[in-house]
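Student: below are the sequence and a predicted model; questions follow.
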Amino acid sequence: MGQTIAQKIIAQHSGNQTVEVGQIVTVIPDFVLSHDNTAAISNKFAQLPVDKVKDNNQLIIVLDHIVPPSTSEYANNHKRIREFVKYNNITNFYDVGRGICHQVVCEEGFAFPGALILGADSHTTTYGAFGAASAGIGRSEVAAVWATGEMWLMVPPTIKIIVNGKFNKFITSKDLMLTIIGDIGADGALYKSIEFYGHTIHNLSISSRMVLSNMAVEAGAKFGIIPPDDKVDEFIQKISRKPYQKIFADEDAEYENTINYDASAIEPVISAPHTVDNVVPVIEMSGEKVQQVLIGSCTNGRAEDFRMAAEILSDRKIADGVRLLLFPASSKVLTEILDDGTAQKLIQSGAILMNPGCGPCLGAHQGVLADGEVCVSTMNRNFKGRMGNKEAFIYLSSPYTAAATAIAGKITDPREFI
């Protein structure tokens, strides 16, 4: 029986010719990622019988979650991380302002076809957009990789999702992924790999593909892999940190399930409180008043996303009583939308342009919600308390829906602006 992409990548990184679903193997990842949680991980690392990390080039550390720090406690955490970086001579360190770790990893060439990347953040799955196998792991596991350079993985089964056809106006890969999660459930791909195929996927930009891989974990997936193509080569070949070879599934690879979608049948959808798989058509939620709209995060904080929002917001004003926050995913994205005029259009509409970073996604600063407030966000999670207040309500949407909602002051189908 042939091998899936996940099987082939795990086999290569474990020194095996092939691996079987359910097999437990020891792998050597190309890179292991951490962010502001590096401080907590370093405490665990200090309990191990080693002095320094085994391979300082294997680590990637990005300060992005609470940047700039909002309290002395967070500031001291950052200080400890910088000291840890200096002591271990970590070369792949990105300080406050560079951006969200998942965007930075891609822009800096760490994500490439065939790579195996593990990280202390669940949305490490993002790098599957480049044909990599990437997954979130626990903090103790990251400390163990720092010490040994390796860890164990169980080979996951794979679900094949095929999408063909063309999206209609104002429909995005975010609407597609929310639809998939709504269909299969938040645990529908638990400890499984998802492979995305079809003409629709092939025609997506790298930014739109990153949305799919990023949110694969919201269906429980270990990996969310898109077969690499010329677009990946164009993005990565000049910046890749290692030589790479594109890996594809065998024609006779075994899949646990195959699911087909018609892109033309996808409509604007929204994930209602308080679970990501509580997905309904936007039109069914129309009229729900909002106080805050957020465009950004590691899911939809790229230049493409802000340009989508500008299509609707340009020459219009956001509604009274609505706060529209913009969080670019990186300094590069910020520069891009400043240079092409996108940021100016959004600011003129009444938006507030923030610094690159995670913002209020984790609920610690820069846009925490008040009791009873409603937020429409392009983030990836809407659990109770996710944006810092258990008495608030978060809806997840595409940038188009978020922009339309900001103008109307209530949840609005973006197709009303066609």
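Tutor: Looks like it came in fine.
Student: Lys231: neighbour count?
Tutor: Around Lys231 there are 17 other residues, counting by other Cβ atoms under 10 Å. (C-beta placed from N, C-alpha, C; glycine too.)
Student: quick one: the residue positioned nearest the centre of the chain and Ala408, what's the gap?
Tutor: By Cα atoms, centre = their mean, the mean C-alpha position of the chain lies nearest to Asn214, the distance being 3.5 Å. Distance, Asn214 to Ala408, by Cβ to Cβ, to the nearest Å: 27 Å.
Student: quick one: end-to-end distance for stretch 25-33.
Tutor: For stretch 25-33, the first-to-last residue distance is 20 Å (Cα to Cα, to the nearest Å).
Student: quick one: the strands in the stretch 201-350 of the chain?
Tutor: Along the stretch 201-350 of the chain, the stretches classed as strands by DSSP state E, counting those that start in this stretch are 223-225, 257-262, 269-271, 279-281, 292-296, 323-327.
Student: reformat these as TSV; add mean pLDDT, mean neighbour count and distance to Asn380.
Tutor: Formatted as TSV, these follow (pLDDT from 0 to 100; neighbours: other Cβ atoms under 10 Å; distance: least, Cβ to Cβ, whole Å):
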stretch	mean pLDDT	mean neighbour count	distance to Asn380
strand 223-225	98	31	12
strand 257-262	98	14	20
strand 269-271	98	27	9
strand 279-281	97	16	13
strand 292-296	98	28	11
strand 323-327	98	24	13
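Student: generate TSV for the ones you listed, with distance to Arg302 as supplementary columns.
Tutor: What follows is the strands of the stretch 201-350 of the chain, written out as TSV (distance: least, Cβ to Cβ, whole Å):
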stretch	distance to Arg302
strand 223-225	17
strand 257-262	23
strand 269-271	20
strand 279-281	22
strand 292-296	9
strand 323-327	11
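Student: quick one: closest of those strands to Gly99.
Tutor: Of all the strands of the stretch 201-350 of the chain, strand 323-327 sits nearest to Gly99, with 9.7 Å by Cβ to Cβ.
Student: where is the longest helix in the protein?
Tutor: Longest helix in the chain by number of residues (criterion: DSSP state H): helix 72-88.
Student: pull out the buried residues from that helix.
Tutor: Tyr74, Asn77, His78, Ile81, Arg82, Phe84, Val85, Asn88 (16 or more other Cβ atoms under 10 Å).
Student: cool, stretch 164-179 as well?
Tutor: Residues of stretch 164-179 classed as buried by neighbour count (16+ other Cβ under 10 Å): Phe167, Phe170, Ile171, Thr172, Ser173, Lys174, Asp175, Leu176, Met177, Leu178, Thr179.
Student: please apply the same query to stretch 149-168.
Tutor: Glu150, Met151, Leu153, Val155, Pro156, Pro157, Thr158, Ile159, Lys160, Ile161, Val163, Phe167.
Student: could I get the residues you listed in CSV, plus columns for distance to Ile9, secondary structure and pLDDT?
Tutor: Formatted as CSV, the buried residues of stretch 149-168 follow (distance: Cβ to Cβ, whole Å; DSSP: H, G, I helix; E, B strand; the rest coil; pLDDT from 0 to 100):
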residue, distance to Ile9, secondary structure, pLDDT
Glu150, 15, coil, 97
Met151, 15, strand, 96
Leu153, 10, strand, 97
Val155, 10, coil, 98
Pro156, 11, coil, 98
Pro157, 15, coil, 98
Thr158, 12, strand, 98
Ile159, 16, strand, 98
Lys160, 16, strand, 98
Ile161, 18, strand, 98
Val163, 22, strand, 98
Phe167, 29, coil, 98
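Student: related to what we said a few turns ago, how about the contacts made by the nearest residue to the residue nearest to the centre of the chain once chain neighbours are set aside?
Tutor: Excluding its sequence neighbours, the residue lying closest to Asn214 (Cβ to Cβ, 6 or more residues apart in numbering) is Thr126, at 4.3 Å. Each residue near Thr126 by Cβ atoms under 8 Å, 6 or more residues apart in numbering is listed here: His102, Val105, Cys106, Ala111, Ser134, Met210, Ser213, Asn214, Cys298.
Student: distance check, Thr299 against Ala147.
Tutor: Using Cβ to Cβ, we find Thr299 at a distance of 32 Å from Ala147.
Student: and the residue sitting furthest away from the middle of the chain, what helix or strand is that in?
Tutor: When distances are taken from the C-alpha mean of the chain, Pro49 lies farthest, 34.0 Å away, according to Cα atoms, centre = their mean. Assignment of secondary structure by DSSP states H and E places Pro49 within no helix or strand.
Student: how about residues contacting the helix or strand hosting Cys106?
Tutor: Assessed by DSSP H and E, Cys106 sits inside helix 101-107. With contact meaning Cβ under 8 Å, 6+ apart, helix 101-107 is reached by 31, 33, 35, 60, 62, 64, 94, 98-99, 111, 117, 119, 121, 123-124, 126-127, 129-130, 210, 214, 235, 239, 298, 301-302, 329-330, 332-333.
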